[in-house]
Structure formats: structure tokens, C-alpha cells
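> Using only what follows, build the 3D model:
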Amino acid sequence: MKQQHQDSKVTIGLDLGERRHRFCALDGRGEVVEEGSLLNDRASLARLTARYRGALAVMEVGTHSPWVSRYLEGLGWEVIVSNPRKVRAIYQHERKSDQRDALTLACIGRMDRALLYPVRHGSEQAQQDLLRINCATVWCGRVWL
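Numbering: from 1, shown residues only. Coordinates of the predicted model:
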């Protein structure tokens, strides 16, 4: 792994998965400083944030993006959550892979954040409230609002 320059901000693309996440870290010049995978747990994410203090993380909306984005923000990272339906460079690429997706997210986030069509997850409380509503829908067959 190359040493990070203190005056350059690192951008990290994260391709989130069920058990493992792929990541790609770019330095301020856009050069890859590290690529790899990590377990889908807080300890692994904390180790990554310790290596790249104050980094920008870019990920797509998905099952794990609400808690991962909140966790990374809590550890001092700036986080952009991308709308995957709007980023054709990823979802329509003919040679799609988790490694390539992580690199593409990092590159786009470094160049122009607007191209990611960022979304903002609700709070953890809002997520729990939606879960209760969904559970009520399953049990009752409908929800009266």
C-alpha cells in the first residue's frame, strides 16, 4: 500500500455485498492506493476508516447502505450514497464486477458528485418506523393511515 499524502483527500468506492464489501481507494491525483475486500461488519469498516482518516466514501443504495453510511459518517468520513439506477457506467457495463464497480464509484465521486445522483437515507428511527409499518402490512394485509 502506498503512503497517503496528507494534503490530498482519499476517495473510496465501496461495492457493498451481503458478506463482503469490495473497496478501491484513490488518492488526490486519482491513483489507486489500495484495493481489496473486507467483511460486512463494523470492526472491518473501522479498520478501513483508521487507515484513511477523513476520506470520502462512495457507495450505491442497497440493503446495507443505510447502516454502513451512518456508521462511516460517525467515524468521520464524508459519505455519498449513489442512486444505482442513474449511474449507467456501473449498471450497464459489459464487464461488470465488484472490483470494477468500486473503482468506478471512486472515480465518479472524485470527479463530479452530481453524476452519482446522491440520495440521503433517513435516520435510523425513520428506518425502524418503516419496518414497523411493513410488518403491520404483512400481519394485517393493509395499513390504515
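> center of the chain, which residue is that?
M59 (2.5 Å; Cα atoms, centre = their mean).
> Tell me the spacing between that residue and D15.
7 Å (Cβ to Cβ, to the nearest Å). C-beta coordinates here come from the backbone N, C-alpha and C atoms, glycine included.
> hey, what's in contact with both of the two?
L105 (Cβ atoms under 8 Å, 6 or more residues apart in numbering).
> quick one, helices of this structure?
42-51, 65-74, 88-91, 98-111, 124-140 (DSSP state H).
> Cross-check the contact I'm expecting between R110 and V32.
No - between R110 and V32 there is no contact under Cβ atoms under 8 Å: 11.4 Å.
> So these two - more neighbours on which side?
Set side by side, R110 and V32 show more neighbours around R110, with 20 against 13, by other Cβ atoms under 10 Å.
> any weak-confidence spans in this structure?
For the chain, the stretches with pLDDT under 70 are 1-8, 88-96, 117, 121-145.
> can you rerun that using 50?
Within the chain, the segments meeting pLDDT under 50 span 1-7, 143-145.
> what about H21, how many neighbours?
Neighbours around H21, by other Cβ under 10 Å: 23.
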